[in-house]
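# sequence first, then the predicted structure, then my questions.
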There are 2 protein chains.
Amino acid sequence: MTFCLSENSPGPITSGAVAAGMPIAALPTPMLLIDKDKMAANIARMRAQLAGTGVIFRPHVKTAKAPDAIRALFDGATGPITVSTLKEARLFAEAGFDDIVYAVGIVPARIPDVLALADRGVAMRIILDEPGVAAEVAALVPAGQANIGILAEVDCDGHRSGVDPDGDALLRIGETLAARGLFAGVLTHAGGSYQCAGANAIAGHAELERAGLARAGERLRAAGLPCPVLSMGSTPTALFARSYAGMTEVRAGVYMFQDLVMAGIGVCAPGDIALSVLCSVIGYRPAAGQIVLDAGWMALSRDRGTAAQAVDQGYGLVADENGAIIDGMIVMGANQEHGLAGYRDGAPVDPARFPIGSRLRVLPNHACATGAQHDRYLLVDGGHVDAVWPRFSGW
Amino acid sequence: MTFCLSENSPGPITSGAVAAGMPIAALPTPMLLIDKDKMAANIARMRAQLAGTGVIFRPHVKTAKAPDAIRALFDGATGPITVSTLKEARLFAEAGFDDIVYAVGIVPARIPDVLALADRGVAMRIILDEPGVAAEVAALVPAGQANIGILAEVDCDGHRSGVDPDGDALLRIGETLAARGLFAGVLTHAGGSYQCAGANAIAGHAELERAGLARAGERLRAAGLPCPVLSMGSTPTALFARSYAGMTEVRAGVYMFQDLVMAGIGVCAPGDIALSVLCSVIGYRPAAGQIVLDAGWMALSRDRGTAAQAVDQGYGLVADENGAIIDGMIVMGANQEHGLAGYRDGAPVDPARFPIGSRLRVLPNHACATGAQHDRYLLVDGGHVDAVWPRFSGW
């Protein structure tokens, strides 16, 4: 049995058929929308931020997982990208993207898949943070395979993975890989920036990231090792860094859509969020003063990334069908296909304002997580569908 | 652009090709596994519980979303099912299931899709809890369409949706629909049972559910209305009810896999959980005493349903490659493609026991949510893949 994800639902009994030109009011729900103007503004903002810095921008496709969406970042062309899975690498390679950093620590069992991509002409950069793994991986790459380069993952902020920029493992990895002609430089991800609050704190974290990675590069060079690539990035640090000195490239993913977690730390305003889940009112809970939506956690994701922020947005902030935020209304509870929405201050929702079948949009806590619940984006522009962009999931 | 989900990854650069007969040790990760013996035991337990009661068992397919898995509940055949989306209804209808309850409140805009299924011979039962919606929906169903029946959703425990079993709206809905020959009875879901703890509390909640629904049926009949269907259900109440008196059918979904939320309220033991995510060790965090897995929230879901239970299982309980639970080890943190696992008591993980590339399994908090992150199940039996079962998502 095979299920095909395409612009239309599969099978002879079709529903949810959507196409460019349709009005939003005619769309089946739940449905994942991208506001074209807001996305364009988010893309323009990153371009302006990086203009004149000389760094390469290498978007992370793990947020969108849609070649059409990533082409929009390159004016319809392809460009250098970052991936979080080999499936992303394969599907983007098939879509013409041939310069890929796979930014999750490699294990030897994945090298055959990486080699298959390199053999097809894709420049593959992989990362690792263990000297033992470096030796194992180096032994698996055939001599003369120029399409594979290996970056040492560096940990500048204690976030997750990576070697200490000031430690010995960095140099051991560099030496092991350089001896085989495979060492390509260093990469870091300052995920700790998601815990910052405000422009100054984020800029400070960006400098921590930049300076740590630059120091790693200097130590490698001082040891006589090459370090052509210095790759930093996260949406907060890419947008708020005050210097990219010494860096060769910057990565970010969420920035093209933005989300409530980003708004919560001051990276954007809620009104900048381009992604939303269109849904329908399907019932009322008079005792709770709530309305019931057909967007539950299956459509919104279980992400509660704003729970620990100053403003807890529940499972998402509610906007009207046109995207205008309804002051103080959030999705307070979520079952699989039911969202329970109400006012943050406990004021009861007036059913007359929200008839059964009327439409709302929910802005996501976390664009990556909400996107992953859907198999397509509808790019919307002025109340109509401009394009249908398939997205994929899995590994 | 179209992406096809099949047993193998799409595109000419394949990876993750999996097939029956493969050893677990050779599988790509992350990968969603079903332990065949444990699932069989869970299925047998529900059969034993309902044996001799005379009620129809109508499994909820929203957990598995895989016709192959649901056929396993009917010894390879089809049977009556419950769905949470019209996509489930369509794809299961195509797979031969022709008796379907769509257990999410209907809105008039969805009636054409329901009619399309009914016209193909599928017995469709839909639910609603608003007298106004009942009138609207009744007007949309052509006279003589015998394949559509409408159930009044009843709220027995204040969980989410539904009319008061003792209120006036129930009778108004019944009258409106019976006048058009569309009224089929009552349905309730005691979702509050997920907050219970222990067999006695769950049995008490099941009786609340049963008695409330029976009372609704009696009131309808006393008013001269037909009430052929009385449908109750949830995994906890279906398994722990001490009486099903007056009920005609019982629904449950999670029970076939079970999960940590169910274990946390005493519905099962962690060792009964049939679903797990096979993953690889990809790194270490020495300062935190943790290992890094390639199962992050994308593979495990963001569900933190055990967070409010007596034992918080993080993002899942860790077992070895064969499914034996590793005492006290949980996934403590999750990024998109990284899981951070360690011992609950803070003891540091010994890297020598978990080499890079070695395999583990993570038991899920919530089977529905974890399943939704994957496009196939691998049924495993004694260390080998017994079958590959595609699953779908979306609406």
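Happy to help now that I have it. Numbering: from 1, shown residues only, chains lettered A, B, ... in the order given.

# and the helices in the stretch 51-200 of chain A?
Assigned by DSSP state H, counting those that start in this stretch, the stretch 51-200 of chain A shows helices spanning A:67-71, A:86-94, A:111-119, A:131-140, A:168-178, A:199-222.

# in TSV: the ones you listed, plus mean neighbour count and distance to B:Leu300.
C-beta coordinates here come from the backbone N, C-alpha and C atoms, glycine included. Listed next are the helices of the stretch 51-200 of chain A as TSV, based on neighbours: other CB atoms under 10 Å in any protein chain shown; distance: least, CB to CB, whole Å:
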stretch	mean neighbour count	distance to B:Leu300
helix A:67-71	21	25
helix A:86-94	24	17
helix A:111-119	19	22
helix A:131-140	18	23
helix A:168-178	21	28
helix A:199-222	20	27
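
# closest one to A:Leu187 among the ones you listed?
Nearest to A:Leu187, of all these, is helix A:199-222, at 7.9 Å by CB to CB.

# what's the angle from the closest one to helix A:168-178?
Orientation of helix A:199-222 against helix A:168-178 (axes from the mean of the first three to the mean of the last three CA atoms, to 10 degrees) gives an angle of 50 degrees.

# helix or strand right after helix A:199-222?
Later in the chain than helix A:199-222, the nearest helix or strand by DSSP states H and E is strand A:229-233.

# how about residues contacting that following strand?
A:58, A:60, A:82, A:101, A:125, A:149, A:151, A:184-190, A:206, A:209-210, A:213-214, A:216-217, A:238, A:241, A:244, A:246-252 (CB atoms under 8 Å, 6 or more residues apart in numbering or on different chains).

# any regions of the stretch 251-395 of chain A where pLDDT drops low?
Along the stretch 251-395 of chain A, no part satisfies pLDDT under 70.

# what distance do you get for the residue of it found nearest chain B to A:Ala203?
Relative to chain B, the nearest point of the stretch 251-395 of chain A is A:Arg302 (3.8 Å; CB to the nearest CB). Distance, A:Arg302 to A:Ala203, by CB to CB, to the nearest Å: 32 Å.

# returning to that earlier point: give me the distance between the closest residue to the residue of the stretch 251-395 of chain A closest to chain B other than its chain neighbours and A:Ile150.
The shortest distance from A:Arg302 to any non-neighbouring residue, by CB to CB, 6 or more residues apart in numbering or on different chains, is to B:Arg302 (3.8 Å). For B:Arg302, the distance to A:Ile150 (CB to CB) stands at 31 Å.

# so among the contacts of strand A:229-233, which ones count as buried?
The neighbour count (16 or more other CB atoms under 10 Å in any protein chain shown) marks A:58, A:60, A:82, A:101, A:125, A:149, A:151, A:184-190, A:206, A:209-210, A:213-214, A:216-217, A:238, A:241, A:244, A:246-252 as buried among the contacts of strand A:229-233.

# out of the residues you listed, which sit inside strands?
Using DSSP state E, A:82, A:101, A:125, A:149, A:151, A:184-188, A:249-251 are the members of the buried ones among the contacts of strand A:229-233 that sit in strands.

# let me know the secondary structure of A:Gly283.
strand (DSSP: H, G, I helix; E, B strand; the rest coil).

# quick one: what helix or strand has the nearest residue to it once chain neighbours are set aside in it?
Counting by CB to CB, 6+ apart, A:Gly283 lies nearest to A:Val292, which is 3.8 Å off, once chain neighbours are set aside. A:Val292 is part of strand A:290-293, with elements assigned from DSSP H and E.

# for that strand, which strands pair with it and how are they oriented?
Sheet pairing for strand A:290-293, assigned by DSSP bridges, gives strand A:275-285 (antiparallel), strand A:339-343 (antiparallel).

# next helix or strand past the last one?
This points to strand A:339-343. Next along from strand A:339-343, by DSSP H and E: strand A:359-363.

# returning to that earlier point: next, the residue of the stretch 251-395 of chain A closest to chain B: secondary structure please.
coil.

# so A:Gly266 sits against A:Ile202, correct?
Yes: the pair A:Gly266 / A:Ile202 is scored as a contact, 7.3 Å apart, by CB atoms under 8 Å.

# if we can go back for a sec, buried residues in the strand holding A:Val292?
A:290-293.

# what is the end-to-end distance of stretch A:226-239?
28 Å (CA to CA, to the nearest Å).

# now it, how far from the centre of its chain.
15 Å (CA atoms, centre = their mean, to the nearest Å).

# check stretch A:145-157 too.
On CA atoms, centre = their mean, the centre of stretch A:145-157 falls 20 Å from the chain's centre.

# one more: stretch A:313-322?
With CA atoms, centre = their mean, you get 20 Å for stretch A:313-322.

# repeat for stretch A:91-105
On CA atoms, centre = their mean, the centre of stretch A:91-105 falls 14 Å from that of its chain.

# for the stretch 151-300 of chain A, which residues are neighbours of chain B?
Contact residues, the stretch 151-300 of chain A versus chain B (CB under 8 Å from any CB of the partner chain): A:158, A:160-161, A:191, A:280-285, A:287, A:292, A:294, A:297-299.

# if we use 7 Å, what do you get?
Neighbours of chain B within the stretch 151-300 of chain A, by CB under 7 Å from any CB of the partner chain: A:160-161, A:191, A:280, A:282-283, A:292, A:297-298.

# have a look at B:Arg302 and A:Ile150 and say which one is more surrounded.
Higher neighbour count among B:Arg302 and A:Ile150: A:Ile150, with 27 against 23, using other CB atoms under 10 Å in any protein chain shown.

# that one and A:Arg210: what is the separation?
According to CB to CB, A:Ile150 and A:Arg210 sit 22 Å apart.

# equivalent analysis for A:Tyr284, please.
Noted for A:Tyr284: a distance of 52 Å to A:Arg210, by CB to CB.

# hang on, the earlier thing: okay, the strands paired with strand A:290-293 in JSON lines with mean neighbour count next?
As requested, the strands paired with strand A:290-293 are arranged in JSON lines below (neighbours: other CB atoms under 10 Å in any protein chain shown):
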{"stretch": "strand A:275-285", "mean neighbour count": "25"}
{"stretch": "strand A:339-343", "mean neighbour count": "24"}
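
# would TSV of those with distance to B:Asp259 be doable?
Converted to TSV, the strands paired with strand A:290-293 look like this (distance: least, CB to CB, whole Å):
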stretch	distance to B:Asp259
strand A:275-285	25
strand A:339-343	22
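
# relative to B:Gly54, which of these is closest?
strand A:275-285 (31.7 Å).

# what angle do helix B:131-140 and the closest one make with each other?
110 degrees.

# list the contacts of the residue nearest the centre of chain A.
For chain A, A:Thr63 is the residue whose C-alpha lies nearest the centre (CA atoms, centre = their mean; 2.6 Å). When contacts are counted by CB atoms under 7 Å, 6 or more residues apart in numbering or on different chains, A:Thr63 touches A:253-254, A:257, A:367-368, A:371.

# please produce a ChimeraX select command covering the buried subset of those.
Buried residues within the contacts of A:Thr63, by 16+ other CB under 10 Å, are selected in ChimeraX with:
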select /A:253,254,257,367,368,371
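
# just name the closest of the contacts of A:Thr63 to B:Gly96, please.
Nearest member of the contacts of A:Thr63 to B:Gly96, counting by CB to CB, is A:Gly371, at 32.9 Å.
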